[in-house]
Each structure stands twice: as C-alpha cells, then as structure tokens.
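1. Build the 3D model from these lines:
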Amino acid sequence: VFIDRMQEAICEVPKMCFGNMPADGGALIIEENERDEFINAEPKAKKYIRKFLGAEEFINNKKRYCLWLVGTNPSELRSMPLVMERIEKCKRIRECSSRPHLANIPSLFSQINQPEGMPYLLVPRVSSEKRYYVPIGFLDNSTIAGDSTLIVPNASLYHFAILTSQMHMAWMRAVAGRLELRYRYSKDVVYNNFPWPKVSLEEKEAIAQKGQAVLDARAKYPSSSLADLYDPLTMPACLVKAHSALNIAVDRLYRKENFINDIERLSHLFAMYKKIVKEVETVHN
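-> Next up, the predicted model:
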C-alpha cells in the first residue's frame, strides 16, 4: 500500500496546518533573557510580546517570546523606537533573502495561521524515536505556535485522545518520515491519511473523558516538561495507566477483538485506508 501526500484529510476531521513562520532572522523573536530588559526599556511594547513556542520549547518547557504585531496601529508602532529597530532589522534581512517580497510586511510573520479566540492542539513536527508517544497538547490562543509545529485549531478532546493513542502512534511510526532517527510528523502524510473510526456521540464522549484523564495525569507534575513525562524511564505510573486505558478504549472503536500488537493494528488500519481511499476516489469520479 502506497501512502500519497494529501492536501485534505480522507476523513472528516479538523484541518491541520503549519504553525506561524517568522522568516525574520530572529528580529521579531525575543529570548527569555532579553524580555524583562526589553520591556523596561520599551514599556508600551509589553502588550505586543507573546509567548512563542516551537517544538523544542513546547517539549522541554523552554521560554521564548516574539513581537506579535498583527493589527497594530502604525502610529502606535512608530511611538516605540526599540520595536521599530526590530522591524527595520527584519526588513533588511528579508530584502537579502530568497523571498524579498516579504520585506513589504516587515512587522509581521511571513506565514500566519494563529487561531484567534480559541485554544488549539499543537503537534511537534519532530520528536524523539525513544518515546512511546509524540507529546501533543492544547495551548491557549495567546501563545504563538512556531513553524516547527503543526496545529489543529478546531480540535476537541476527542481528537486529542485519538491522536495520542497507541493506534495513531503505530500509524505514525509506519508512515512518518525521519530526521536522523527522530520521527518527522507530517500533516499531508500522517494526519491527512489516518483512518479515523466511525463513532457515536456516546463513544466520542467516552473517549474524550479518557483523553482528559491523560491531561489530568500530566497536570499532577506541573514542574515536569513533556520530555520528562514521556521519557520511557521516567514516565509517571499514573500517566502510563491513563494512556493504557485510553489505548484499550480506542482499540475498541476499531474492532471488538483485542489487538495483539502494533502489526495487527497496522494491518487493520491499512485495510481501512484502502477502503476509505477507494470510496473517496469513487465520489470524486
């Protein structure tokens, strides 16, 4: 079975897209050790400084920030000299880049997909092959997702639960690309081709509760990063238990008989994939 790149998902699920791309040479990025000094020197800029998370920051609880100037009044910008210096630097960098047209919007990220007014699900594009699960999670829309991540703006707890399940991880390991040995998660290959189960409202709600149990188990360790929580050697027992319960529940959505291993899961998923793709092709033709 050959998996093609798909621009749209083969099942009815929320759209996954890339995070926001700065393409600024670091001009719009504010590192943790710069933030307080920058705000002290330019107090009016504080409301425009947002948390900025790439895959590395998300997984390892690292702090980083950015100037998020979408919709900012031009006169307000011109009243902040240090912000204007950053914008001017971004303009110069983009003028010398392979996309010089981006110099026309030097105050903005080159690609903006940030959802407004709603939380979103974040998936790191690259994750260690040593983990049983790719660490994913919900973020408040005030946090800006970088382009080393993928986001699902309209995801629910149900979608989170399926994506963090052993079933989806087995699929990801089989079809994802690699960066060295690390998994490289792709929206066009992994997410858009994944066969989702057909479920009732009651089943969806039950799975969502299992997903919430995973989040609750994580929340018991607020000082631990996702790298800490999903290291196979240090994964807390309550988190292992929550994932195990979720895995069993998700498996039951696909068939009543137990899956012995991931080989059986993949065999079932690829059979579903072939059937779904054939149905999609029939409709389009």
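
2. For the stretch 1-150 of the chain, just list every one of the helices.
-> Here the stretch 1-150 of the chain has its helices, by DSSP state H, counting those that start in this stretch, at 32-41, 55-60, 74-78, 81-95.

3. Out of these, indicate the one that is most buried.
-> Counting by mean count of other Cβ atoms under 10 Å, helix 55-60 has the highest mean neighbour count of the helices of the stretch 1-150 of the chain, with a mean of 20. To be clear about C-beta, it is placed using only N, CA and C from the backbone, and glycine gets the same treatment.

4. Can I get that helix in PDB, CA atoms only?
-> In PDB, the C-alpha atoms belonging to helix 55-60 read as follows (Å, rounded to 0.1, in the frame of the first residue of the first chain):
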ATOM      1  CA  ALA A  55       8.700  22.100  19.000                       C
ATOM      2  CA  GLU A  56      11.800  22.400  21.200                       C
ATOM      3  CA  GLU A  57      10.200  24.900  23.600                       C
ATOM      4  CA  PHE A  58       7.000  23.000  23.800                       C
ATOM      5  CA  ILE A  59       8.500  19.700  24.600                       C
ATOM      6  CA  ASN A  60      11.200  21.000  27.000                       C
END
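
5. So which residues lie in contact with that helix, not counting its own?
-> Residues outside helix 55-60 that contact it (Cβ atoms under 8 Å, 6 or more residues apart in numbering) are 62-64, 122, 124-127, 135, 137, 139, 146, 148-149, 225-227.

6. Nearest to Arg252, out of the helices of the stretch 1-150 of the chain?
-> Closest to Arg252 of the helices of the stretch 1-150 of the chain is helix 55-60 (Cβ to Cβ; 29.8 Å).

7. So for the closest one, mean pLDDT?
-> For helix 55-60, the mean per-residue pLDDT is 97.

8. now swap in stretch 34-48 and tell me
-> What stretch 34-48 shows for mean pLDDT is 97.

9. and if you look at stretch 197-209?
-> 97.

10. Hmm, Leu108 is touching Leu69, no?
-> Yes. Using Cβ atoms under 8 Å, Leu108 is in contact with Leu69, at 6.4 Å.

11. just for this structure, where's the confidence low?
-> For the chain, the stretches with pLDDT under 70 are 284-285.

12. can you do 90?
-> 1-3, 116-117, 178-181, 279-285 (pLDDT under 90).

13. What ranges does it have for its strands?
-> 17-18, 29-31, 49-53, 64-67, 120-124, 126-127, 137-139, 144-145, 149-152, 177-179, 182-184 (DSSP state E).

14. Show me what the first one packs onto, helices and strands only.
-> Under the contact criterion of 3 or more Cβ pairs under 8 Å, 6 or more residues apart in numbering; DSSP states H and E, the helices and strands touching strand 17-18 comprise strand 149-152.

15. Centre of the chain to the strand it packs on, how far?
-> When distances are taken as Cα atoms, centre = their mean, to the nearest Å, strand 149-152 is centred 3 Å away from the chain's centroid.
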